[in-house]
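Asks: With the input below, show me the fold.
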Amino acid sequence: MYRIRILFVATALFAALFVQTSTAQPQSHAERKVISQIAPFYPDVAKRNHIKGIVRLAVVVRKNGSVQSAKVLGGNPLLSVSATYAVQKWRFETASEETTEIIQIAFDN
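Replies: Residues are numbered from 1 along each chain as shown. Okay, here's the model as predicted:
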């Protein structure tokens with residue numbers, strides 16, 4: 001069981017190193033407008049195993065629009081790695097203060 005868990009985590013981390021085209025759909029319900037975003041990659045291991053679903057993230061956005069941090073609120077751990085990696089590269093419009101935005105990313109085969 002321990003080996004399977006390590007393999008699962010290692011696969012997720014390894015997948016984060018390779019950006020691929022995806023059928024993942026970012027759905028921003030943010031109050032601040034997203035200026036630029038990259039789509040998360042759909043890990044091959046998730047595709048092969050027909051893993052799909054929605055990843056919810058709480059994203060802390062700095063005043064200048066860059067992402068400070070992203071916390072997973074829900075979703076498959078394998079998909080969460082990909083979603084978090086992508087959202088950290090997003091840019092939002094500038095604001096007078098730091099905000100927390102809720103982002104949902106849907107992964108579907």
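Asks: Name the SS class of Ser69, please.
Replies: Secondary structure assignment for Ser69 (DSSP: H, G, I helix; E, B strand; the rest coil): strand.
Asks: That one is in contact with Val60, isn't it?
Replies: Yes. Using CB atoms under 8 Å, Ser69 is in contact with Val60, at 4.8 Å. C-beta coordinates here come from the backbone N, C-alpha and C atoms, glycine included.
Asks: Could you find the closest non-adjacent residue to Ser80?
Replies: Once flanking residues are discounted, Ser80 sits nearest to Val72: 4.6 Å by CB to CB, 6 or more residues apart in numbering.
Asks: So for the most centrally placed residue in the chain, what pLDDT did the model give?
Replies: Nearest residue to the geometric centre of the chain (CA atoms, centre = their mean): Ala83, 1.3 Å. Ala83 carries a pLDDT score of 96 in this model.
Asks: which residues does the closest residue to it other than its chain neighbours bridge with?
Replies: Using CB to CB, 6+ apart and skipping the chain neighbours, the partner closest in space to Ala83 is Val55 (4.1 Å). Val55 forms beta bridges with Ile105, as assigned by DSSP bridges.
Asks: who's in contact with the residue nearest to the centre of the chain?
Replies: By CB atoms under 8 Å, 6 or more residues apart in numbering, the contact set of Ala83 is 24, 40, 55, 57, 72, 75, 105, 107.
Asks: Number of residues surrounding Tyr85?
Replies: Using other CB atoms under 10 Å, Tyr85 has 17 neighbouring residues.
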